[in-house]
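Engineer: sequence and predicted structure below; questions after.
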Amino acid sequence: MWKILIPKKIAYGENAAKEFDYPDNALIITTTESKIYEKWIEYMGIKNYTIYDKVTPDPAIETIESIKAEFEGKNISCYIGLGGGSSMDVCKYLSKLTGIPKILIPTTFGTGAEMTTYAVISFDHKKKLLQDEAFLADAAIVDPYFLPGTPFNIMRNSACDAAAQASEGYDSKLANPLTKLFCKEAFDILEDAIINDKPELLPYGAMLSGIGFGNSSTTLGHALSYVFSNEGVPHGYALSSCTTVAHKFNNSQYTERFKKICQKLKFEPLKLKLPLDEAADVIMPDRGHLDNNPRDVSKEDIIKCLDEIVNSNPLA
Ligand SMILES: [Zn+2]
């Protein structure tokens, strides 16, 4: 048996955010500054809304509780998450608490968060990856209009994340024929976008990757990456070397193609302050990723992978 969850409504393409019929009295939640989001809102043509713009990256549960309290009894019809992953994650959790529906509109493309049942929320200053069917968007709007404003570094990291998610998701033990279809198509499109300089294809590739891996899982590459994230390396950048080495370990059909993408994006080798043995102890309990890896992974395997990541440039 397998099942697939996708948002009730998906609007994709040029003018998707402009032509969408937004309900009255929506609460727009965003992480960006007013001079940027005012332009977005004007483009969307949305009238009669309230805005909450104090969400910070890696949102904490306290922020969500305070938004809930601030807007209680104000007849909010829906939440609109407008921005990167943090804005969307806040909407997902809020909607679970209040039962109010949510529309998710990504403005950076890579995580595919608008398609998934995942949310990352901080509790006691620790990021936690949560999964709940209640996190699924009632509507997701993917409009390439937002792409040109994205700085190169964010775009590069997002593109790498999307390609890592699609290829790890394809190989995951939780994959099924339909998730593989999405992951394969996602990877083909992302590869074309990156190798042949067609950034306009990234939003669609990232969206398909979100459906694919969101209904299977990511695996060893993601598991390895978090010790680098803990030392401040951006998620997509950490995946460039981690997923390349993980694909090699798994003998993935995507090994060479993923590496070529990372070479094209000119990612530098990674460094790690934490001793490899201690890093492996941090990674081993991450069963959510490791149990779904196509090959069994021992602590020794993880040390070997980490050694390859930091001591030989796997992208050379
Ligand atoms: Zn990821």
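Structural biologist: Received it, and whenever you're ready, just let me know what you need. Numbering: from 1, shown residues only.

Engineer: rest of the way, CA atoms for contacts and neighbours
Structural biologist: Will do.

Engineer: all strands of the stretch 151-300 of the chain, in order?
Structural biologist: Under the criterion DSSP state E, counting those that start in this stretch, the stretch 151-300 of the chain carries no strands.

Engineer: return the helix or strand in this structure with minimum mean pLDDT.
Structural biologist: strand 126-131 (a mean of 86; mean pLDDT, DSSP states H and E).

Engineer: which non-adjacent residue is nearest the residue nearest to the spatial centre of the chain?
Structural biologist: Centroid-nearest residue in the chain: residue 111, 1.9 Å away (criterion: CA atoms, centre = their mean). Spatial nearest neighbour of residue 111, chain neighbours left out: residue 162 (6.0 Å); criterion: CA to CA, 6 or more residues apart in numbering.

Engineer: roughly how far apart are that neighbour and residue 199?
Structural biologist: 13 Å (CA to CA, to the nearest Å).

Engineer: neighbour-wise, which of the two wins?
Structural biologist: residue 162 (29 against 18; other CA atoms under 10 Å).

Engineer: the more buried one contacts residue 205, correct?
Structural biologist: Yes. The criterion here is CA atoms under 8 Å, and residue 162 meets it with residue 205 at 7.5 Å.

Engineer: so after the helix or strand containing residue 35, what's the next helix or strand?
Structural biologist: Using DSSP states H and E, the element containing residue 35 is helix 34-44. Going down the chain from helix 34-44, the next helix or strand is strand 49-52, by DSSP H and E.

Engineer: average pLDDT across the following helix or strand past that following strand?
Structural biologist: Once the chain leaves strand 49-52, the next helix or strand it forms, by DSSP H and E, is helix 61-70. For helix 61-70, mean pLDDT is 95.

Engineer: for helix 61-70, which positions count as buried?
Structural biologist: Neighbour counts over helix 61-70 (16 or more other CA atoms under 10 Å) mark 61, 63-64, 67 as buried.

Engineer: cool, and stretch 189-206?
Structural biologist: For stretch 189-206, the neighbour count (16+ other CA under 10 Å) marks 189-195, 199, 201-206 as buried.

Engineer: overlap in contacts, residue 162 and residue 205.
Structural biologist: Common contacts of residue 162 and residue 205, defined by CA atoms under 8 Å, 6 or more residues apart in numbering, comprise residue 190.

Engineer: thought residue 166 was touching residue 212, still the case?
Structural biologist: Yes. The criterion here is CA under 8 Å, and residue 212 meets it with residue 166 at 6.7 Å.

Engineer: shared neighbours, those two?
Structural biologist: By the contact definition CA under 8 Å, 6+ apart, residue 212 and residue 166 are jointly contacted by residue 183.

Engineer: having no further points to raise, I will conclude here.
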